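> model this:
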Amino acid sequence: MTIREATLQAAAQLRETAGDTPLLDATLLLAEVLEVSREQLIAAYPEEISPEAWNAFRRLVDERSRGVPVAYLLGRKEFYGLEFAVSREVLVPRPDSELIVEVALELIARIGPAARLHDCCTGSGCIAVAVAWAVPQAQVSASDLSTAALRIAQHNAERHTPGRIRFQRSDYLQDIGGSFDVITANPPYLTPAEIEVLASGEPREALYGGADGLAAYRRLIPEAVDKLSVNGYLVLEGGREQHAEIAALLREAGFAEVSCHRDLGGAPRVTVGRLG
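Down below sits the predicted model:
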């Protein structure tokens, strides 16, 4: 069997079971097994695949068919132009969450480059690391309840922004001291039905937002009031149907200038409020 035939056969299997990018997924997995780039893999299409490589590839394809994200199988994911280590203890960084980084950077440009930013529910650390990487003068910290997630986040920070980010274990902002100009968070916001549909194998505690998906915001927003400086900003990712509810919670807590930012697909994704 040639490399091309193996790739197409795997793509056909994935087309029936694992989402919208079966050929890309198959290509990434086989390139990983053969330890080559995607470009080198395509150039090698006419070559025969060894039995050992074929068996290793099939195992990965079978896992992907069961819904395991490609990022978990590769152990890495690109986010904001940087490569992040990931494992099943953290959410896979998604392109939609890059919008949080972009909004945070706009706010830092307004506040000043030495702005103090805290990233709550940091997971892999992708948001905190991207901000610290983009603005070297920024004072960045991050927290998560999961010690396993914090280990991964610290690894990613040492790779891209060594010595720049202070990490702390905390249940939301409960144990966080200090005052911040910007707090970012991509908290759990899926309902049980949405988690079942997603079926990604990602950690449930990083996904489950209660019966209506808003439990994390009801807790996080009041806690942020005590952690933000005057005129500080809270930047929250949410689901496409949740902006109105999140905006209402922000206003009830005393936030002003509440605004919505849409992702590349045009869906409401990030809600921002300024603490008056």
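> CA atoms only: put the least confident helix or strand in the chain by mean pLDDT into CSV for me.
Lowest by mean pLDDT, DSSP states H and E among the helices and strands of the chain is helix 192-198, with a mean of 85. The C-alpha coordinates for helix 192-198 follow below in CSV (Å, rounded to 0.1, in the frame of the first residue of the first chain):
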residue,chain,number,x,y,z
PRO,A,192,-25.1,18.7,29.4
ALA,A,193,-26.7,18.3,26.0
GLU,A,194,-24.0,20.3,24.3
ILE,A,195,-21.3,18.3,25.9
GLU,A,196,-22.9,15.1,24.7
VAL,A,197,-23.0,16.4,21.1
LEU,A,198,-19.4,17.5,21.3
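> tell me the average confidence for the helix or strand following that helix?
Going down the chain from helix 192-198, the next helix or strand is helix 215-225, by DSSP states H and E. Averaged over helix 215-225, pLDDT sits at 97.
> list the helices and strands helix 215-225 packs on?
Packing contacts for helix 215-225, counted by 3 or more CB pairs under 8 Å, 6 or more residues apart in numbering; DSSP states H and E, involve strand 180-185, strand 228-237, helix 243-252. (C-beta placed from N, C-alpha, C; glycine too.)
> Residue 131 is in contact with residue 118, isn't it?
No. Contact criterion CB atoms under 8 Å: residue 131 and residue 118 do not qualify, at 10.4 Å.
> Now do the contacts for residue 113.
The contact partners of residue 113, taken as CB atoms under 8 Å, 6 or more residues apart in numbering, are 135, 137, 138.
> Helix, strand, or coil at it?
coil (DSSP: H, G, I helix; E, B strand; the rest coil).
> Got the confidence number for it?
Model confidence at residue 113, given as pLDDT, is 95.
> what about this structure, any weak spots by pLDDT?
For the chain, the stretches flagged by pLDDT under 70 are 199.
> List the contacts of the most centrally placed residue in it.
By CA atoms, centre = their mean, the chain has its centre lying nearest to residue 93, at 2.7 Å. For residue 93, the contacting residues are 71, 77, 78, 79, 84, 86, 123, 124, 126, by CB under 8 Å, 6+ apart.
> What of residue 184?
100, 104, 117, 118, 119, 120, 127, 128, 131, 235, 236.
> helix, strand or coil for the third one?
At residue 117 the chain is in strand, as set by three-state DSSP.
> got the residue ranges for the strands in the stretch 1-150 of the chain?
Under the criterion DSSP state E, counting those that start in this stretch, strands of the stretch 1-150 of the chain are mapped to 76-79, 82-85, 116-120, 139-144.
> what's the most buried one of those?
strand 116-120 (a mean of 27; mean count of other CB atoms under 10 Å).
> sorry, back to before: apart from its neighbours in sequence, what residue is nearest the residue nearest to the centre of the chain?
residue 79 (3.8 Å; CB to CB, 6 or more residues apart in numbering).
> Columns distance to residue 201 on top of the helices and strands packed on helix 215-225, output as JSON lines?
Compiled in JSON lines, these are given as follows (distance: least, CB to CB, whole Å):
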{"stretch": "strand 180-185", "distance to residue 201": "23"}
{"stretch": "strand 228-237", "distance to residue 201": "21"}
{"stretch": "helix 243-252", "distance to residue 201": "27"}
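> closest to residue 1 out of those?
Minimum separation from residue 1 across the helices and strands packed on helix 215-225 (CB to CB) falls at strand 228-237, 43.3 Å.
> residues of that closest one that come out buried?
Neighbour counts over strand 228-237 (16 or more other CB atoms under 10 Å) mark 228, 232, 233, 234, 235, 236, 237 as buried.
> Also stretch 146-157?
For stretch 146-157, the buried set under the neighbour-count rule, 16+ other CB under 10 Å, comprises 146, 149, 150, 151, 152, 153, 156, 157.
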